[in-house]
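Colleague: sequence-free structure coming up:
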């Protein structure tokens, strides 16, 4: 499976072949319950770490990148609400730091960055996914410049092939890998960040 998606920015036919040839493995990686836990883990890790910086989430394919974005958004909202409650009950001495972190998380922007494919809006809609909103951002905004700017609030991007190699972002401190990788692609990807968080929930 890793060899097939090694260089994958899959078109529709290639994606269908992947799903046929590795139906069981693909379903395990992409099933909703697992992605729900992955989204929860990403939010917990990102918000729980001491460093306030940028991160990249790497999924097996475009649809999974969008689904993971949706899961992270859901758990992000819950986590921010929890921080608000924590701040309200905090000791006055701890409030300035909590306020700083809360402000950072409230301002944090996220985006999906994937290559365009034919009839993608309709194809994603059949899967219950809204690609139109993501594609609008990718077309209208310079997301690459925003992500590379350490002061821009675009801090988390969701990708599957784009921006993995040959894309230097010093402010990107963490990569969340949820895609089989090997050899030079894995090494180049890991070299892009100071920290790598390998997702591993398969059950």
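Modeller: Ah, there it is. What you see is a predicted model, and the numbers here were worked out from it, not measured in a lab.
Colleague: residue ranges of the strands in this structure, please?
Modeller: 54-59, 109-112, 154-159, 172-178, 195-198 (DSSP state E).
Colleague: The first one pairs with which strands, and in what direction?
Modeller: Strand 54-59 pairs in its sheet with strand 154-159 (parallel), strand 172-178 (parallel), by DSSP bridges.
Colleague: just so I know, which of those strands lies nearest residue 49?
Modeller: strand 172-178 (7.5 Å; CB to CB). The C-beta positions use only the backbone N, C-alpha and C, and glycine is treated the same way.
Colleague: Give me the mean pLDDT for stretch 28-43.
Modeller: Mean per-residue pLDDT for stretch 28-43: 93.
Colleague: buried stuff in that stretch?
Modeller: Of all the residues in stretch 28-43, those buried under the rule 16 or more other CB atoms under 10 Å are 29, 30, 34, 35, 36, 38, 39, 40, 41, 42, 43.
Colleague: Nearest approach to residue 87 belongs to which of the strands paired with strand 54-59?
Modeller: Per CB to CB, nearest to residue 87 of the strands paired with strand 54-59: strand 154-159, 20.2 Å.
Colleague: just for the protein, where's the confidence low?
Modeller: Scanning the chain for pLDDT under 70 picks out the ranges 1-12, 14-23, 165-166, 181-203.
Colleague: where exactly do the helices run in it?
Modeller: 12-21, 23-30, 32-48, 62-88, 95-107, 120-126, 131-140, 143-148, 183-190 (DSSP state H).
Colleague: The longest one packs against which elements?
Modeller: Applying 3 or more CB pairs under 8 Å, 6 or more residues apart in numbering; DSSP states H and E, one finds that helix 62-88 contacts helix 23-30, helix 32-48, strand 54-59, helix 95-107, strand 109-112, helix 120-126, helix 131-140, strand 154-159.
Colleague: between these, which gets nearest to residue 76?
Modeller: Closest among these, once you apply CB to CB, is helix 32-48, at 5.4 Å.
Colleague: what's the angle between the closest one and helix 23-30?
Modeller: Interaxial angle, helix 32-48 versus helix 23-30 (axes from the mean of the first three to the mean of the last three CA atoms, to 10 degrees): 40 degrees.
Colleague: Just the residues contacting helix 32-48, thanks.
Modeller: 28, 55, 57, 64, 67-68, 70-72, 74-76, 79, 83, 101, 105, 156, 174, 176, 178, 197, 199, 201-203 (CB atoms under 8 Å, 6 or more residues apart in numbering).
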